[in-house]
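A.B. asks: The sequence and its predicted three-dimensional model are supplied below.
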There are 2 protein chains.
Amino acid sequence: MDNLSDETKRALKLWVVLAKCFNAVAERDKRSIARFGLIPSEFAVLDTLYHKGPLPLSEVGKHLLLTSGSITYMMDKLEKQELVERKACSEDRRVIYARLTDAGRERIETIFPEHAETLREILSGLSAEEQEIATVLLRKLGRRANEGT
Amino acid sequence: MDNLSDETKRALKLWVVLAKCFNAVAERDKRSIARFGLIPSEFAVLDTLYHKGPLPLSEVGKHLLLTSGSITYMMDKLEKQELVERKACSEDRRVIYARLTDAGRERIETIFPEHAETLREILSGLSAEEQEIATVLLRKLGRRANEGT
DNA sequence: TTTAAATATTACAACATTAAGATAATCGAT
DNA sequence: ATCGATTATCTTAATGTTGTAATATTTAAA
């Protein structure tokens, strides 16, 4: 720990702080979403379909960074709640679309503004300028981390 | 989405970027640790015990943000690999210490520098100055997010 | 002494991944 | 044009990691 270069120690510290920060925000994000009886992945599906319209299951998975197996599981749960439905694609019979039901649309329209407001409060530890800077830096960091994929 | 305040939109964007950045780094962190046949939580236990010495299981849990049930599971796994051992506390018979075995110590001493070097590379998307700024901002953000607990 | 709090384990449920498979589309060589 | 191989999409089953709730034991406190 002590014979590491300054550069390495700096990177290590940043990674620890990044992880803790993410966990803290994620925990509050989860609690906010739980008020509406959903877990974050479920909310993310509704949110994605609301803003992008019906999508092939594989596209939903790419967007949420979930594997195909997990998407099947999520969709089964959301269909049981009648918030989302599967719809066969007429052009390509391998494809199944995920689509909001009317109930799902109503639900996300109710939830979204309230949850967004809560997130605004959670992130209010940084001023507008600081948030802009943080966004730029994190984007840069993420891009580089993804290169090594 | 469109009738949100600028402030809210800014916060939302930051949260999306933060999450993506964290996921990208976490994914590479995981791959780096996997080279040594461990998962991140296992590595974290070894790392913690190496730098802090033997600790009560409950303390390990607090440090890794894992519940007591999860720690029991982790310890069972690490004991099977003979990297860590349980040791009863003589003063308080409710307490059980987690302690590195000699093999565990050797293992972490080998792994740690290599993994740290990999992390340095993963985070090298930001310059030293940028890393300092990011650390300050994320710490501030995390602190505020934790207040609402 | 009874009560409450702290510690660890157990049993179970939730959410994720991986690997294997079923079916459908596509593409290349004949 | 068609056959065969490859690729894409989704599902299923097995498994791994985590959390939650209930329990047992021990300690501390009233």
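C.D. replies: Ah, there it is. Everything numeric here is computed off the predicted structure, so don't read it as measured data.
A.B. asks: List phi and psi for residue A:5.
C.D. replies: The phi/psi pair for residue A:5 (degrees, to the nearest 10) reads phi -70, psi 160.
A.B. asks: Please read the previous query as pertaining to residue A:36.
C.D. replies: Per degrees, to the nearest 10, the backbone of residue A:36 is at phi -100, psi 10.
A.B. asks: Hmm, residue A:111 and it touching each other?
C.D. replies: Yes - with contact defined as Cβ atoms under 8 Å, residue A:36 and residue A:111 form a contacting pair (4.8 Å). (Each C-beta comes from the backbone N, C-alpha and C, glycine too.)
A.B. asks: any residues in contact with both of those two?
C.D. replies: residue A:43 (Cβ atoms under 8 Å, 6 or more residues apart in numbering or on different chains).
A.B. asks: Looking at these two, which is more packed in?
C.D. replies: More crowded of residue A:36 and residue A:111, by other Cβ atoms under 10 Å in any protein chain shown: residue A:111, with 20 against 16.
A.B. asks: and the host helix or strand of the more buried one, what does it pack onto?
C.D. replies: If you go by DSSP states H and E, residue A:111 is part of helix A:102-122. Applying 3 or more Cβ pairs under 8 Å, 6 or more residues apart in numbering or on different chains; DSSP states H and E, we find helix A:102-122 packed against helix A:6-34, helix A:40-52, helix B:6-34.
A.B. asks: In terms of secondary structure, what does the second one contact?
C.D. replies: Taking 3+ Cβ pairs under 8 Å, 6+ apart as the contact definition, the neighbouring helices and strands of helix A:40-52 are helix A:6-34, helix A:57-64, helix A:68-80, strand A:84-88, strand A:96-100, helix A:102-122.
A.B. asks: separation between the closest residue to DNA strand C within chain A and residue B:47?
C.D. replies: The nearest approach of chain A to DNA strand C comes at residue A:69, 2.5 Å away (Cβ to the nearest atom of the strand). Distance, residue A:69 to residue B:47, using Cβ to Cβ, to the nearest Å: 31 Å.
A.B. asks: between those two, who's got more neighbours?
C.D. replies: Using other Cβ under 10 Å, the more surrounded residue of residue A:69 and residue B:47 is residue B:47, with 18 against 9.
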